[in-house]
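**Student:** heads up, no residue letters with this:
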């Protein structure tokens, strides 16, 4: 049984990852900004009694990070897997930013929106990993998987849209690649994964990929990681993504 921490676990891919890890018998720490209202997580907890711990976590708050760490450390002496899934896209549920069609147009871009997206999408995964590093170091061959996006690829980016989101994912890639070089000294493997365009609240109904398929691929990749893949950027199917 592995010990797994998943951020942004209350919906979409995070919820599906939580479900699949529970179904295979692992212990899951499911973090969300408002876990009390996460009805689907509570249902999973009832179905897998004793193996799901819900915890409040705002990845942009130092106090919230410290409190979450104390809660996890009280329940386990190590973490095997950390999945940095929490993220926001302007104009979508939970972002706190208004209509994406307006917020992301050249001429309407605002510093406040940029900092909110960067704080959650780029700096957040770095600070979560830093906070939980003692438990990750105590694990055996621990893994850190940070959910990125093809929109974060400088080489692949060709559209004049999603300014803040795309830049935040590119910044996250650099943060986590830098962390991988240091964490690798402790035997921790850290990778960035493009989960694909999924049918979720963020991805929308036009997406073809079910979240369950992406989650299954991410879990398979995480289980099969090798040291030489530390710091890499790949798709949910394990194919390299251009930086």
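**Tutor:** In hand now; what should we look at? As the structure is a computational prediction, the values presented were derived from the model and not from experiment.
**Student:** secondary structure class for the residue in the chain sticking out farthest from the centre?
**Tutor:** Most distant from the centre of the chain: residue 107, at 30.1 Å, with distances by Cα atoms, centre = their mean. Secondary structure for residue 107, judged by DSSP: H, G, I helix; E, B strand; the rest coil, is coil.
**Student:** How much space separates it from residue 163?
**Tutor:** Separation of residue 107 from residue 163 (Cβ to Cβ, to the nearest Å) stands at 11 Å. For the C-beta atoms, the positions are set from N, CA and C on the backbone; glycine is no exception.
**Student:** so where do the strands sit in the protein?
**Tutor:** Shown for the chain, the strands assigned by DSSP state E span residues 3-7, 27-32, 52-56, 81-84, 143-147, 189-194, 233-235.
**Student:** returning to what we had before: just want the phi and psi numbers for the residue farthest from the centre of the chain.
**Tutor:** phi 110, psi -20 (degrees, to the nearest 10).
**Student:** In contact with the residue sitting nearest the centre point of the chain, which residues?
**Tutor:** Centrality entry for the chain: nearest residue to the mean C-alpha point is residue 85, 1.5 Å, by Cα atoms, centre = their mean. Neighbouring residues of residue 85 by Cβ atoms under 8 Å, 6 or more residues apart in numbering: 6-9, 13-14, 17, 147.
**Student:** mind redoing it with 7 Å?
**Tutor:** 6-8, 13-14, 17, 147 (Cβ atoms under 7 Å, 6 or more residues apart in numbering).
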